[in-house]
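Undergrad: how would this look folded up:
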Amino acid sequence: MADDTIQAGVTEVGEFLAAIATAVPGKTRTELIRLLSHSVAAPTPQEVRQARLGLLAEMVKTGWMPGVNDYEAERKNRLNKQEEWPGSSSLVDYYGTWASAVEAAFDIAFSITPKRSKARERQAWPNVIYSRPDVLEALERCSEKVGQPITQWQYMELRRVERKLAIELGLPDPRLPQLNVIKRNFGGWDQAISKMEWS
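TA: Numbers count the residues shown, from 1 in each chain. The predicted structure follows:
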């Protein structure tokens, strides 16, 4: 009997359900069928992440961190090719910040698991001195990526993700100064942001 079951492709669970199906009341049977159908058809968490972040993962895989405007332009281009991807605002709503969305896409693109991520050795770039124009240029670039004047918290997230991407791809230092460097050059975060040219 067991060999016949394996050959027919029926599992023990299937046999059990078939045996009790006649004893289950009609409404319960209908609900059971609906639940089983859903559990079989429901996408895995990985499939859901891929459907949400697939386009962004493709863009990150090229070796640069796209900003919201870059993403929206590529999304519009893909829409013309009958591909639908969530908007950047949906990704920010779901992940909290643009940098966090890019980091999640980065993890998909490079198959990084939390365990592997912790095990990676951190590449140290040589220390560089940042002038005031260097700091302002970095803040303006980052603001461009998030589509608005960047907040201190967004900057820290973005800096961490950009450096992670550069390390993974063996790219040079993305030249994003630490917060203490920004404060040393301008006296504080708000003072630095007020000097930034943003339109």
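Undergrad: and the contacts of stretch 173-185?
TA: 125, 128, 130-132, 134-135, 138-139, 142, 152, 155-156, 158-159, 162-163, 165-166, 189, 192 (CB atoms under 8 Å, 6 or more residues apart in numbering). Any C-beta I mention is one placed from the backbone N, CA and C, and that applies to glycine too.
Undergrad: what about this structure, any weak spots by pLDDT?
TA: Of all residues in the chain, those with pLDDT under 70 make up the ranges 1-11, 13-14, 17-18, 21, 32-49, 112-125, 198-199.
Undergrad: domains in it, as residue ranges please.
TA: Segmentation of the chain into domains, based on automatic domain parsing, reads 2-41, 45-119, 132-195.
Undergrad: in a markdown table, list these along with mean neighbour count.
TA: As requested, those are exported to a markdown table (neighbours: other CB atoms under 10 Å):
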| stretch | mean neighbour count |
| --- | --- |
| domain 2-41 | 10 |
| domain 45-119 | 16 |
| domain 132-195 | 17 |
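Undergrad: how about the helices in this structure?
TA: For the chain, the helices identified by DSSP state H occupy 2-8, 12-21, 26-41, 45-61, 68-80, 88-95, 98-109, 114-119, 132-146, 152-169, 179-186, 189-195, in order along the chain.
Undergrad: name the helices or strands packed onto the fifth one?
TA: Using 3 or more CB pairs under 8 Å, 6 or more residues apart in numbering; DSSP states H and E as the contact criterion, the elements in contact with helix 68-80 are helix 45-61, helix 88-95, helix 132-146.
Undergrad: can you list the neighbours in contact with it?
TA: By CB under 8 Å, 6+ apart, the residues outside helix 68-80 that reach it are 55-56, 59, 66, 84-85, 87-88, 91-92, 98, 144-147.
Undergrad: now for those: which two are most distant?
TA: For those, the farthest-apart pair by CB to CB is 84 and 144; their separation is 25.8 Å.
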